[in-house]
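**Q** Sharing a sequence plus its predicted fold:
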Amino acid sequence: MDIWEKLYDEAKCLYNPHEVSPFIYAQHVVCALEAEDGQIFTGYCFEATAGVFHLCAERAAAFNMYQQSKQTKIKKIITFRNEAPSGLGGMPCGACREFLLQLNSDNLKTEFMVDYEKREIITLEELLPKWWGVDRL
């Protein structure tokens, strides 16, 4: 079993789409990440009608990683809904891309699973090649 299978298995057991209230929908997007030390952390999307309360699965997993281990570097991330990413699946939103880079600029090397079957990945650096924050480091 490779690391991507481990990440997929850890995330897929979280998939349980449901309404928390008439305003909040949760667990319809799940994520698992591999931290720098090899530990796996998970998270799921918590989506509210008021956008400021929205928390993507990637940011939830990264928050769990930091909260539980104080780590900020991420090697690999897989994110999906009801099935493994295929084609251009698993892409982080702009807020997640920005957050991961602000968490640690070394996360430019973080790999995102694009197509699980083909084991196609893309790095955060490829997704955000000219990050504004480099000048602040």
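**A** Looks like it arrived, so ask away.
**Q** Just give me the neighbour total for residue 57.
**A** By other C-beta atoms under 10 Å, the residues close to residue 57 number 29. The C-beta positions use only the backbone N, C-alpha and C, and glycine is treated the same way.
**Q** Next one: it from residue 134, what distance?
**A** Distance, residue 57 to residue 134, by C-beta to C-beta, to the nearest Å: 26 Å.
**Q** Residue 114: neighbour count?
**A** 18.
**Q** Next up, identify which helix or strand it is on.
**A** Assigned by DSSP states H and E, residue 114 falls within strand 111-115.
**Q** roughly how far out does the following helix or strand past that strand sit from the chain middle?
**A** Downstream of strand 111-115, the first helix or strand assigned by DSSP H and E is strand 120-123. A distance of 13 Å separates the centroid of the chain from that of strand 120-123, by C-alpha atoms, centre = their mean, to the nearest Å.
**Q** Pull up the pairing partners for strand 120-123, direction included.
**A** Here strand 120-123 has these sheet partners by DSSP bridges: strand 111-115 (antiparallel).
**Q** residues in contact with the strand holding residue 114?
**A** With contact meaning C-beta atoms under 8 Å, 6 or more residues apart in numbering, strand 111-115 is reached by 4, 7, 75-79, 84-92, 119-124, 127.
**Q** May I have it exported as PDB, CA atoms only?
**A** The C-alpha trace of strand 111-115 is given here as PDB (Å, rounded to 0.1, in the frame of the first residue of the first chain):
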ATOM      1  CA  GLU A 111       1.900  17.500  -3.800                       C
ATOM      2  CA  PHE A 112      -1.900  17.400  -4.500                       C
ATOM      3  CA  MET A 113      -3.400  14.300  -6.000                       C
ATOM      4  CA  VAL A 114      -5.100  15.200  -9.300                       C
ATOM      5  CA  ASP A 115      -5.900  11.800 -10.600                       C
END
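**Q** Renumber starting at 332 from here on
**A** Right, with 332 as the first residue, what we last looked at is strand 442-446.
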